[in-house]
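> next input, structure requested:
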Amino acid sequence: SKLYQDCFFKNVEENYFHWKYQECPHGDVLGKEAWDVDNLIGFYGILPEKMIFKGEEKSVYQSMDTMTHSNYGRKGIFSYLAKECFKNYLEISKDRFIYAFTGLNSFHGFIKNLGFFHAGDIHHIYLPKFLFRIISFSNKSKFTFKKIDRFNSEIDFFYKKRKAFFNIEKKLDSSFLNWRTFDHPLNEYSCFYIYESKELIGYFVYRFSETKVISLEYFDFLDRKYLKDIKLILKKIFEEPSCKVIETFQPTSSEVSTFFFKAGFFRSFLTRGPFQRITKFIYNDFSETNFHSKAVLDDFNLQPLIRD
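Below you'll find the model as predicted:
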């Protein structure tokens, strides 16, 4: 936890690492550590995930928790640990695909030293409450919303019927969603089922990322025909008394993005300030057979909850 605090300026307890590294329903983390006598000075790990690639389930990994103590920078520790981790991964996996959401600190190391490909940037988009009220007329909701305290078999049945919007999507079920949301030792999530005539047709997950800012972490519908109703989800979220702004990832699909921008979301073109956040999306397809490189970002259903 001391290394984590040095790298990310957050103080976390041991239960966070136990939850993240050992309780993930898709398997345990693969990781490598660097020590200087009794001091942990570096760590690199990859988190197992089940993904659906063009209808086929594969086991892939997400890069996470790249850490080198500030006193030991520029010594090649990150690159060495990552290469050792990948060596073990390639011995046990046939799918051989690793992806990452990264910031500038580690981005260049991934690209120059580890053979990762920069698929593109994920822009954060924002919707102020006052703007939503101006743009969105107040329709009576045709849906029924139910706040839940655990995901159950309903969501498993939902995913058996759901029609995929993207060629690459994380495989989701009640086990993973409960681990990622309700079992999270640090973050508090609000989760809602969406019903139409008693049928579960969607759900959404959000949390307060700041005092008055809510992050829409994930949403999903049974069919793409419901995308036009995204405003009804936003209206429900704005019922939170202290919420003034909703933020999320700009959807990688131009079709899905259109509905967000019609609802009033905007992407800042400023180089700095509170509405300027960009996440770099990178990957390494060790098998070189999964995709054409330029197709990955547009084909991937990337939402904030997908991050480690």
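
> C-alpha from now on. contacts and neighbour counts both.
Will do.

> now the helices for the stretch 201-308 of the chain?
Along the stretch 201-308 of the chain, the stretches classed as helices by DSSP state H, counting those that start in this stretch are 230-237, 254-262, 296-299.

> wait, which of these is closest to Asp149?
When those are compared by C-alpha to C-alpha, helix 230-237 sits nearest Asp149, at 16.5 Å.

> verify the stated contact: Val60 with Phe53.
No - with contact defined as C-alpha atoms under 8 Å, Val60 does not count as touching Phe53 (10.3 Å).

> so those two - more neighbours on which side?
Taking other C-alpha atoms under 10 Å, Val60 and Phe53 do not tie; Val60 has more neighbours (23 against 19).

> would you say the more buried one is within a strand?
Yes - judged by DSSP: H, G, I helix; E, B strand; the rest coil, Val60 forms part of a strand.

> ok, it to Ala82 distance?
16 Å (C-alpha to C-alpha, to the nearest Å).

> start and end of stretch 169-179, how far apart?
For stretch 169-179, the end-to-end distance is 18 Å (C-alpha to C-alpha).

> ditto for stretch 213-229
One end of stretch 213-229 to the other measures 22 Å (C-alpha to C-alpha).

> now do the buried residues in that stretch.
Residues of stretch 213-229 classed as buried by neighbour count (16 or more other C-alpha atoms under 10 Å): 213-222, 227.

> report how many residues lie close to the nearest residue in space to Phe166 that is not next to it in sequence.
Sequence neighbours aside, Asp299 is the residue nearest to Phe166 in space, at 5.4 Å (criterion: C-alpha to C-alpha, 6 or more residues apart in numbering). Neighbourhood size, Asp299 [other C-alpha under 10 Å]: 18.

> repeat that for the one 3 residues further on.
By the criterion of other C-alpha under 10 Å, Leu302 has 22 neighbours.

> picking that back up, lowest-confidence stretch among the helices of the stretch 201-308 of the chain?
In terms of mean pLDDT, the lowest-scoring of the helices of the stretch 201-308 of the chain is helix 296-299 (a mean of 80).

> what is it packed up against?
The contact analysis (3 or more C-alpha pairs under 8 Å, 6 or more residues apart in numbering; DSSP states H and E) places helix 296-299 against strand 117-128.

> other residues contacting the strand it packs on?
Outside strand 117-128, the residues that touch it by C-alpha atoms under 8 Å, 6 or more residues apart in numbering are 111, 244-250, 252, 264-268, 275-284, 293-294, 296-297.

> what pairs with Tyr36 across the strands?
Heads up, residue 36 is Asp, not Tyr. Beta bridges link Asp36 to Asn39, judged by DSSP bridges.

> hmm, which two among the buried residues of stretch 213-229 are most spread apart?
Checked with C-alpha to C-alpha, the buried residues of stretch 213-229 reach their widest spread between Val213 and Leu222, with 27.4 Å between them.

> write the PyMOL selection for whichever of the contacts of strand 117-128 are buried.
Here is the PyMOL command that selects the buried residues among the contacts of strand 117-128 (16+ other C-alpha under 10 Å):
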select buried, resi 245+246+247+248+249+250+252+264+265+266+267+268+275+277+278+279+280+281+282+283+284+296+297
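
> just the buried residues of stretch 213-229: which are in strands?
Counting by DSSP state E, the part of the buried residues of stretch 213-229 found in strands is 213-221.

> so Phe54 touches Ala164, yeah?
Careful, residue 54 is Lys and not Phe. No - the criterion here is C-alpha under 8 Å, and Lys54 misses it with Ala164 at 9.3 Å.

> in terms of neighbours, single out the busier of those two.
Remark: of Lys54 and Ala164, Ala164 carries more neighbours, 18 against 13, as counted by other C-alpha under 10 Å.
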